[in-house]
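Colleague: Model the structure of this input:
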Amino acid sequence: MRLSLTLISSLASMVMLSACSDDKPVKQVEQVRPVKLFNIESASYDDGRLFPAKIKAQGQADMAFRLGGELVKLPVLQGQEVTKGELVAQLDDRDAKNLLLLREADYELAQADFARKQQLLEQKLISQALYDDAKAKLKVARASLATAKDQLSYTKLLAPFDGVVAKRLVDNYQTVQPTQIILSLQRNDSLDVIIQVPEALVLQTDKKEVTEQLAASVRFAIDDNKFYPVSFKEFSTQVNANTQSYEATFSLAQPKDIEVLPGMSAELKLIHKEEQGLGIAIIPMAAVSMDDASGLSRVWLYDDKTQLVSSRVVELGQLRSDGIEVISGLSRNDVIVAAGVIHLKEGMKVKPLVWQRGL
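Modeller: Residues are numbered from 1 along each chain as shown. Next up, the predicted model:
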């Protein structure tokens, strides 16, 4: 009897085990990858990209005499403003005046001789050859007179434009040589602001974008908070072999509240006009992924409503100690994935990584 009870118990256990083995497989729960997020609104921003700049005169003339001689007038001083046509230096002109008187006499004599020969030719009292000789001598005398007038004018240096005497290289009453620089004159109404543009930025920007899409301004050490507008002027296509950069020049009208002089140091700011007020975001370097096929830089945007991620192409700037610049492609209300972007796919579902205190 006991054997029968034991057998029945064993059979019941086997039936129960068999029933358990016939249960349906458990459905696997979708794994959602946790990711670290970065809010663009909390990013470090630059209100534009800053470049070290140098100020240069937009127009400069190194003035020198065509003749040699003794200086008798040098009425200007360094830093003095002059107007167009104003006398800035003069040589002793006595020899030039005497030569002019001689050439005037030669011309008057040649003119009178030609007039007589012309009348005689009309009366057929001289040959055509004598008339032609008098005509040629008159032309020579006229040319010599013009040269003498030029020589006299060369004894004076007149300002070719309104400007400032930047430097005076000689003193009055010195004897100077032809083409020896006497002084340098610079325009004071407008100035050039010159920056060096990195090669990487040149590849990302064309001339049309600089003139139409970028707003430029410059500031000086006297007031870091005040910027003065500048306009794009020209761009050099020859690279600097030492710095691998290109020279870009902007025009600055002379400010009314401060005097800007050539040689001053400054900072030039460039910012996209459509992104004024947004500036350049500094994001973690790990948030950027490179597309090997296209060479484009991308970040992954997180949608807090759907918890899905999507990629977006961005334009990168310079690498900094606290991250990398994003010049365009992001807005202040964007949230991006800050790390582990190589594991992401378009439309992938993720969840924010929450740091919990404790073990």
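Colleague: what are the ranges of the strands in the stretch 201-350 of the chain?
Modeller: 214-220, 223-235, 245-253, 265-272, 280-283, 289-290, 297-302, 309-320, 323-328, 335-337, 350-352 (DSSP state E, counting those that start in this stretch).
Colleague: For V176, see how far away R168 is.
Modeller: Going from R168 to V176 by CB to CB, to the nearest Å gives 12 Å. Backbone N, C-alpha and C define where each C-beta goes, glycine included.
Colleague: Mutual contacts of these two, please.
Modeller: I182 (CB atoms under 8 Å, 6 or more residues apart in numbering).
Colleague: Any idea what the residue lying closest to L268 once chain neighbours are set aside is bridged to?
Modeller: Nearest non-adjacent residue to L268, counting by CB to CB, 6 or more residues apart in numbering: A53, 4.3 Å away. Assessed by DSSP bridges, A53 has beta-bridge partners I195, A266.
Colleague: So, low pLDDT: which residues of the chain?
Modeller: Residues of the chain meeting the criterion pLDDT under 70: 1-30, 42-48, 200-213, 272-280, 355-359.
Colleague: so what's the residue nearest to L268 up against?
Modeller: With contact taken as CB under 8 Å, 6+ apart, A53 is in contact with V193, I194, I195, V218, S265, A266, E267, L268.
Colleague: which residues does the most centrally placed residue in the chain bridge with?
Modeller: For the chain, the residue nearest the mean C-alpha position is A248 (3.0 Å; CA atoms, centre = their mean). Going by DSSP bridges, A248 is paired in beta bridges with I195, F235.
Colleague: check contacts around it.
Modeller: Listed by CB under 8 Å, 6+ apart, the contact set of A248 reads I194, I195, Q196, V197, V210, F232, E234, F235, S236.
Colleague: Name the nearest of the residues you listed relative to G295.
Modeller: V197 (20.5 Å; CB to CB).
Colleague: I'd like to know how many residues surround the closest one.
Modeller: Residues lying near V197 (other CB atoms under 10 Å) number 17.
Colleague: Would you quantify the distance from it to A216?
Modeller: According to CB to CB, V197 and A216 sit 12 Å apart.
Colleague: can you give me the offset of the helix or strand encompassing A134 from its chain's centre?
Modeller: Under the criterion of DSSP states H and E, A134 resides in helix 128-153. The chain centroid and the centroid of helix 128-153 are separated by 54 Å under CA atoms, centre = their mean, to the nearest Å.
Colleague: What's the first helix or strand after that helix?
Modeller: As assigned by DSSP H and E, the chain's next helix or strand after helix 128-153 is strand 156-158.
Colleague: List the neighbouring strands of that following strand plus their orientation.
Modeller: If you go by DSSP bridges, strand 156-158 pairs up with strand 87-91 (antiparallel).
Colleague: Only the buried residues of the partner strand, if you could.
Modeller: For strand 87-91, burial by neighbour count (16 or more other CB atoms under 10 Å) applies to V88, A89, Q90, L91.
Colleague: residues in contact with it?
Modeller: Strand 87-91 is contacted by residues 63, 65, 67, 69-76, 82, 155-159, 165, 176, 182-183, 185 when judged by CB under 8 Å, 6+ apart.
Colleague: Among the residues you listed, name the buried ones.
Modeller: Among the contacts of strand 87-91, the ones that count as buried by 16+ other CB under 10 Å are 63, 65, 67, 69, 71, 73-74, 76, 82, 155, 157, 159, 165, 176, 182-183, 185.
Colleague: Quick check: closest non-adjacent residue to Q111.
Modeller: L138 (5.9 Å).
Colleague: can you pull the contacts of the one you found?
Modeller: Y107, A110, Q111, D113, F114.
Colleague: Recalculate using a threshold of 10 Å.
Modeller: Listed by CB atoms under 10 Å, 6 or more residues apart in numbering, the contact partners of L138 are D106, Y107, L109, A110, Q111, A112, D113, F114, A115, K117.
Colleague: swap in S311?
Modeller: Residues in contact with S311 (CB under 10 Å, 6+ apart) are 289, 291, 296, 298-301, 337, 341, 344-347.
Colleague: Which of those residues are buried? Put it as a ChimeraX command.
Modeller: Only the buried members of those end up in this ChimeraX selection, burial being decided by 16+ other CB under 10 Å:
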select :289,298,299,300,301,337,341,344
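Colleague: Determine which two of the contacts of S311 are furthest apart.
Modeller: L296 and G347, at 18.7 Å, using CB to CB across the contacts of S311.
Colleague: Hmm, T243 is touching P198, no?
Modeller: Yes. With contacts counted by CB atoms under 10 Å, T243 reaches P198, the gap being 8.4 Å.
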